[in-house]
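Asker: after the sequence you'll find the predicted model.
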2 protein chains.
Amino acid sequence: MKIAFDVMGSDYGSLPTIAAVLEVIKEFKNVEICLVGDEKQINGNLQILLKNKSLSSRITILATTQVITMNDGPLAGIRMTDSSMNQAIQLVKNKKADGVLTSGSTAAYLGACHFLLGEIKGIKRPAFMPIMPTLIKDRQVVLLDVGANIENTVDELINFALMGHIYCQTIQNISRPKIGLLNIGIEESKGPEVTKATYAKLKQLTQKNEKLSFLNFHGNIEPRNVLSGDVDIIICDGYSGNIVLKSVEGMASLLFTLIKNSYKKNLWTKFLGLMSIGIFKNIKKNFDYKNTGGAQLIGINGIAFKAHGSSDKKSYYSTLKLLIRAIEQDVTNKIVKQIQ
Amino acid sequence: MKIAFDVMGSDYGSLPTIAAVLEVIKEFKNVEICLVGDEKQINGNLQILLKNKSLSSRITILATTQVITMNDGPLAGIRMTDSSMNQAIQLVKNKKADGVLTSGSTAAYLGACHFLLGEIKGIKRPAFMPIMPTLIKDRQVVLLDVGANIENTVDELINFALMGHIYCQTIQNISRPKIGLLNIGIEESKGPEVTKATYAKLKQLTQKNEKLSFLNFHGNIEPRNVLSGDVDIIICDGYSGNIVLKSVEGMASLLFTLIKNSYKKNLWTKFLGLMSIGIFKNIKKNFDYKNTGGAQLIGINGIAFKAHGSSDKKSYYSTLKLLIRAIEQDVTNKIVKQIQ
């Protein structure tokens, strides 16, 4: 199994990406990783980090000369043909890699994946799909789309349901994953027109003897219950999904900041805080998006993941693990077959 | 000053509403409150709670026979003319009260306020505007709209900015409150068409010598920074605003649940939890929507507030205080003047 990793998209240089790669190479003996980017920088960081030389046989470098920055437009991934992002995706296109990961510009990545790999036949719009923790231990929820699109049509939303279903079946071994439709109320009559129409169509198509009767449609789910573990899949347009994602991230980080500051008040609270560190570490571990990793760009021909630009080693490591699992389970081909 | 309070909308009966009323009456010597609803129930609860009989002179009862439930449609507030909600609003319409509060059906309330009080001239769509806590102590942020509308036009969003501005100037004494436009990125080119057009128009209209140059437009604000205290006002369509509100509420309640459960693990953590209660109480106090109260329905002719159906005594008390302050400061008339 071979992974193409564009290591130039990180906000903190390629060091955390390479540190994560070494962890993964150590753990997964069947994995090879091709680091795509500035050769000198990569070699320099490898020299710093690579203690066990035997691992290096499964690490290759593809030297590129261009780096896409956040200021480059959405066409940069297509036009800058010797960019690390473009070349990493090319490896998948040319069957030299089984999956690709970047943390570079989302818009450029979307453009380049669309142009170089194309969408799965029958899927009009791919979706970014993060895997998020829930209140219920070891149960996760996938949310799609969270930003590959702004608006989505009824049919696109139903395709999201289908892709989420196949993903949860394949990767999480849930036989009939529960599908929720993001809305501001649980009533069928609430929300924007497209959401109401999606509800009606999904309800009809998932009835007995109908085409999508194998889907387990749960109805609307409110934003406050996104992480409650009530459903396995939440479908929504990319704009709403991005708002949910960023709102819950913001609130979590804000509360942790408030808690931290409160424990600093005096010597006694400082002591309590010190004693409670384990508790908060544990919650953060289970509830930090860094541990659940980046998002899959689902719906394109190929397995492509995107990590945050601000990811650290742990976050890249988690995303690489998700990527490996998606390759092992052949998610994309399963979607291709189901859609046909 | 007289307040009309529809006490029949609470999920837990009228007891918490009346308990809050008694607190307020004790604290604000110039306030009279008219309790609108089932006379027998109100009298029963007053008998239980009213220890200081001298307060009763400032409490009146308006007996009504109908109660609007969540199952009644959006026209119920208009059609059910002897409902507690309709009658409470009528008191404001007939100048027998200076402001109204309910925790009943949002749709019915919107319909009845529109029909009985009407919108301020020049304002096409009113907005629900909660006052939320931020990371910065004693600094709050108002978010509008959070659910009176689904979609909003550019001009409606600009009206929201104007109403938010007047509110913050009047109630919070901020001379040039910072206005943020909710969006999924800070770049001008990001997001839905209507958001991009609002950005462009607000940017133009707030330039020197332009009509709205007195507004302090800050640009886009991402959902993760809604509660960071970076801006005083956030404008958005009702659907997005409702998603933000419910996402952050959901995440906060989820994290508090996780923390509580973690402290239950063993005797030592239980002890730590007990010792830390003060810290969490303090955070909750500063960061609980129950303390910041309900939302004002801003943009209509009259001062109308809405509390959660699940509000407790503390929450009703906070909302009543906000209502009193809005009446004292004559917010609605200030908006009327400014819009002209």
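Answerer: Happy to help now that I have it. Computed from a prediction, not measured in an experiment: that's the story for all the values here.
Asker: contacts and neighbour counts: CA atoms only from here.
Answerer: Fine.
Asker: how would you label the closest residue to A:Tyr12 other than its chain neighbours: helix, strand or coil?
Answerer: If the residues on either side of it in the chain are set aside, A:Tyr12 comes closest to A:Ser310, at 7.1 Å by Cα to Cα, 6 or more residues apart in numbering or on different chains. Per DSSP: H, G, I helix; E, B strand; the rest coil, the secondary structure class of A:Ser310 is coil.
Asker: verify the contact between A:Ser310 and A:Ser14 for me.
Answerer: No. A:Ser310 lies out of contact with A:Ser14 (Cα atoms under 8 Å); the separation is 11.5 Å.
Asker: who has more neighbours, those two?
Answerer: Ranked by neighbour count (other Cα atoms under 10 Å in any protein chain shown), A:Ser310 and A:Ser14 place A:Ser14 first, with 21 against 14.
Asker: what about that one, distance to chain B?
Answerer: Distance, A:Ser14 to chain B, using Cα to the nearest Cα, to the nearest Å: 25 Å.
Asker: quick check: residues of chain A near chain B?
Answerer: By Cα under 8 Å from any Cα of the partner chain, the part of chain A that sits against chain B consists of A:135, A:150-151, A:184, A:191-192, A:222-228, A:239-240, A:242-244, A:246-252, A:254-255, A:258-259, A:262-263, A:269, A:272, A:275-276, A:279-280, A:283.
Asker: now with 6 Å, please.
Answerer: Contact residues (Cα under 6 Å from any Cα of the partner chain) of chain A with chain B: A:223-224, A:243-244, A:246-248, A:250-251.
Asker: secondary structure, pLDDT and neighbour count for these - can I get that in JSON lines?
Answerer: JSON lines is the format used below for the residues of chain A next to chain B (DSSP: H, G, I helix; E, B strand; the rest coil; pLDDT from 0 to 100; neighbours: other Cα atoms under 10 Å in any protein chain shown):
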{"residue": "A:Pro223", "secondary structure": "helix", "pLDDT": "95", "neighbour count": "29"}
{"residue": "A:Arg224", "secondary structure": "helix", "pLDDT": "92", "neighbour count": "22"}
{"residue": "A:Ile243", "secondary structure": "helix", "pLDDT": "97", "neighbour count": "25"}
{"residue": "A:Val244", "secondary structure": "helix", "pLDDT": "96", "neighbour count": "28"}
{"residue": "A:Lys246", "secondary structure": "helix", "pLDDT": "92", "neighbour count": "21"}
{"residue": "A:Ser247", "secondary structure": "helix", "pLDDT": "93", "neighbour count": "27"}
{"residue": "A:Val248", "secondary structure": "helix", "pLDDT": "92", "neighbour count": "25"}
{"residue": "A:Gly250", "secondary structure": "helix", "pLDDT": "89", "neighbour count": "21"}
{"residue": "A:Met251", "secondary structure": "helix", "pLDDT": "89", "neighbour count": "25"}
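Asker: whichever residue of the stretch 1-150 of chain A sits closest to chain B: which element?
Answerer: Here the stretch 1-150 of chain A gets closest to chain B at one residue, A:Ile150, 6.3 Å apart by Cα to the nearest Cα. Per DSSP states H and E: A:Ile150 is located in neither a helix nor a strand.
Asker: that one: how many residues sit nearby?
Answerer: Using other Cα under 10 Å, A:Ile150 has 18 neighbouring residues.
Asker: try A:Lys281
Answerer: Using other Cα under 10 Å, A:Lys281 has 12 other residues around it.
Asker: element containing it?
Answerer: Counting by DSSP H and E, A:Lys281 is part of helix A:267-287.
Asker: helix or strand with the lowest mean pLDDT in chain A?
Answerer: In chain A, the helix or strand scored least confidently by mean pLDDT, DSSP states H and E is helix A:289-292, which has a mean of 62.
Asker: any idea which helix or strand comes after that helix?
Answerer: That would be, after helix A:289-292 and using DSSP H and E, strand A:295-298.
Asker: now A:Ser262, nearest residue through space, not along the chain?
Answerer: Closest to A:Ser262 by Cα to Cα, 6+ apart is B:Ile279, at 6.2 Å.
Asker: meant to ask about A:Phe280
Answerer: Distances taken as Cα to Cα, 6+ apart place B:Ile259 nearest to A:Phe280, at 7.6 Å, with adjacent residues excluded.
Asker: how many residues are close by that neighbour?
Answerer: For B:Ile259, the count of nearby residues is 17 (other Cα under 10 Å).
Asker: for the one 5 residues further on, same thing?
Answerer: As a burial measure, the neighbour count of B:Lys264 was computed by other Cα under 10 Å and equals 15.
Asker: what does the one 3 residues further on give?
Answerer: Look at B:Leu267: counted by other Cα under 10 Å, it has 10 neighbours.
Asker: ditto for A:Gln340
Answerer: When neighbours are defined as other Cα under 10 Å, A:Gln340 has 8 of them.
Asker: same thing with A:Glu27?
Answerer: 11.
Asker: how far away is it from A:Leu55?
Answerer: According to Cα to Cα, to the nearest Å, A:Glu27 stands 11 Å off from A:Leu55.
Asker: next: A:Ser228.
Answerer: Separation of A:Ser228 from A:Leu55 (Cα to Cα): 41 Å.
Asker: what do you get for A:Val248?
Answerer: 39 Å.
Asker: go on, A:Gln329?
Answerer: For A:Gln329, the distance to A:Leu55 - Cα to Cα - is 25 Å.
Asker: one step back: where does the residue nearest to A:Tyr12 land on pLDDT?
Answerer: Looking at A:Ser310, its pLDDT stands at 85.
Asker: now do the contacts for the residue nearest to A:Leu182 when sequence neighbours are not counted.
Answerer: Take A:Leu182 and drop its neighbours on the chain: the residue closest to it by Cα to Cα, 6+ apart is A:Ile221, 5.0 Å away. The contact partners of A:Ile221, by Cα atoms under 6 Å, 6 or more residues apart in numbering or on different chains, come to A:180-183.
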